[in-house]
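In: no sequence on this one, just coordinates:
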């Protein structure tokens, strides 16, 4: 797989708390130059990006990020505002405390409520695999599927660990046919990108993919 093909899978990401408008503009310019799937940015920058770049760039944002324990009404309000400001894709974090309390149906209902708000735009559901048992991950595969979300996503990148190939294989066994997979967190090499794509991921969330490709270009690979 060549570098251009790889970058088509990437949500080019900048979610640091200290991200400046200059950082976000660099992210957007890189995304346009290399043809990434989207830019994944803090909600506060959506409107400004949309104003400057319009339909030239696909905007993804995060909701309930990174801890997930906002009440559903807050997540709904965040989602509505993000769409109004110009986002096309929303990556929501589940309420992990609900999972730990065995309230799997409640989690499913929250996902479904946000999917109803998103409509025909894309909803990705971050389940933060590093905090879940195998049984809980399977329950979340079922919840994401039943709720009609578009993607299940491994991680925020702010937890104790990121995506693993074992979790991607587990997802594939337990998600429905209409659910895609996004790997995020800890994707640090071209080999990682290729591995996750070859295993069936439709998106990769990372801040470093373009730098990886540039390094290869410099080295003449």
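Out: It's in. Small disclaimer: the values here were computed from a predicted structure and weren't measured.

In: would you list every one of the strands in the protein?
Out: 10-13, 38-41, 59-63, 89-93, 122-126, 151-153, 180-184, 203-206 (DSSP state E).

In: Which stretch among those strands is buried most, on average?
Out: strand 203-206 (a mean of 28; mean count of other CB atoms under 10 Å). From N, CA and C alone the C-beta is placed, and that goes for glycine too.

In: ok, residues contacting that strand?
Out: If you take CB atoms under 8 Å, 6 or more residues apart in numbering as the criterion, strand 203-206 is touched by 9-13, 37, 40, 91, 124, 151, 153, 155, 157, 180-185, 187, 193, 196-197.

In: what sits against the residue sitting nearest the centre point of the chain?
Out: Nearest residue to the geometric centre of the chain (CA atoms, centre = their mean): residue 91, 4.9 Å. The contact partners of residue 91, by CB under 8 Å, 6+ apart, come to 40, 60, 61, 62, 63, 65, 124, 125, 126, 153, 182, 205.

In: redo that, cut-off 10 Å
Out: Contact analysis of residue 91 by CB atoms under 10 Å, 6 or more residues apart in numbering lists 11, 13, 15, 38, 40, 60-65, 122-126, 151, 153, 156, 182, 184, 203, 205.

In: who's it bridged to?
Out: residue 62, residue 124 (DSSP bridges).

In: Tell me the pLDDT of the closest residue to residue 188 other than its chain neighbours.
Out: Leaving aside its chain neighbours, residue 188 sits nearest to residue 208 (6.5 Å; criterion: CB to CB, 6 or more residues apart in numbering). Confidence at residue 208, expressed as pLDDT, is 92.

In: Over to residue 187?
Out: 92.

In: And for residue 220?
Out: pLDDT at residue 220 comes out at 55.

In: Now do the buried residues in the lowest-mean-pLDDT helix or strand in the chain.
Out: Within the chain, confidence by mean pLDDT, DSSP states H and E is lowest for helix 209-219 among all helices and strands, at a mean of 80. Under the neighbour-count criterion of 16 or more other CB atoms under 10 Å, helix 209-219 has 209, 210, 212, 213 buried.

In: same check, this time on stretch 110-127
Out: For stretch 110-127, by 16+ other CB under 10 Å, it's 110-115, 117-118, 122-127.

In: Equivalent analysis for stretch 148-164, please.
Out: Neighbour-count burial for stretch 148-164 [16+ other CB under 10 Å]: 148-157, 159, 162-164.
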